[in-house]
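> curious how this folds, go ahead:
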Amino acid sequence: MAAARVVERLNEQIAYEFAASQQYMANAVYYDAQTLPRLARFFYQQAVEERNHAMMMVRYLLDADAQVLIPGVSEPETRFADIVAPVALALEQEKRVSEQIGGLMAVARDENDFTSEQFVQWFLKEQVEEVSTMSSLLAVVERSGDSPERVEDYVVREHGSSEGADPTAPAAAGGAL
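Alright, predicted model coming up:
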């Protein structure tokens with residue numbers, strides 16, 4: 001059984017993950033409207049990934065026989081000044097999520113909830129990758145903002161292949177999409 005404080009924080013994190021998914025969907029729609037299909041596809045995929053992170057947390061709470069709260073989320077940002085702004089927002093979001101996951105780990109550790117601590121460990125590793133990905137993408141977009149085709153080429157080159165599911169990832173409620 002997960003510690004009560006961990007359950008509370010995981011339910012909060014579920015809200016953050018769903019909000020991140022919605023924001024990435026808004027980013028994708030912006031790029032789709034700008035006829036930047038590769039950036040759009042990248043963010044559509046990111047939206048699904050964030051949704052799956054929320055569902056991994058749901059599955060964990062269900063398995064731990066804990067209460068699951070499915071929250072409403074605030075409206076995402078949908079208007080952007082240029083093609084750089086959605087990526088800059090994504091990087092800020094990933095840094096914030098990294099802090100939230102670190103806080104969740106601290107609560108699990110403080111509560112001596114070793115099972116939850118082990119569960120959260122995967123998300124810490126994932127956040128290093130997410131921040132790195134968005135940092136690199138932001139550098140490319142800032143450098144190539146006047147030539148969006150170069151950004152599109154970068155996305156295909158660096159993020160075009162699907163590597164498949166991470167075998168160490170926690171199971172998601174309803175299965176990962």
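
> so is the residue nearest to the spatial centre of the chain in a helix, a strand, or just coil?
The centre of the chain sits closest to E50, judged by CA atoms, centre = their mean, with a distance of 3.8 Å. Here E50 is helix, with the state taken from DSSP: H, G, I helix; E, B strand; the rest coil.

> got it, and F18?
helix.

> right, and it touches P76 too?
No - F18 is beyond contact range of P76, at 10.6 Å (criterion: CB atoms under 8 Å). The way it works is simple: take the backbone N, C-alpha and C, and place the C-beta from them, glycine included.

> now the helices for this structure?
Counting by DSSP state H, the chain has helices at residues 4-33, 37-63, 85-110, 114-144, 148-159.

> what number of residues lie near E75?
Neighbour count for E75, taken as other CB atoms under 10 Å: 9.

> OK, contacts around it?
By CB atoms under 8 Å, 6 or more residues apart in numbering, the contact list for E75 reads Q22.

> try S98
For S98, the contact set (CB under 8 Å, 6+ apart) comprises L124, Q127, V128, E130, V131.

> now list the buried members of the residues you listed.
Applying 16 or more other CB atoms under 10 Å to the contacts of S98, the neighbour count classes Q127, E130, V131 as buried.

> confidence score at the first one?
The one in question is Q127. Looking at Q127, its pLDDT is 96.

> among the helices of the chain, which is nearest P71?
P71 sits nearest to helix 4-33 of all those, at 3.9 Å, using CB to CB.

> okay, buried residues for the closest one please.
Residues 6-7, 9-31 are the ones in helix 4-33 that count as buried (16+ other CB under 10 Å).

> and that helix, what other elements does it pack with?
In terms of contacts (3 or more CB pairs under 8 Å, 6 or more residues apart in numbering; DSSP states H and E), helix 4-33 is packed against helix 37-63, helix 85-110.

> mean confidence (pLDDT) on it, please.
97.

> quick one: low-confidence residue ranges for this structure.
Counting by pLDDT under 70, the ranges of the chain that qualify are 161-164, 175-177.
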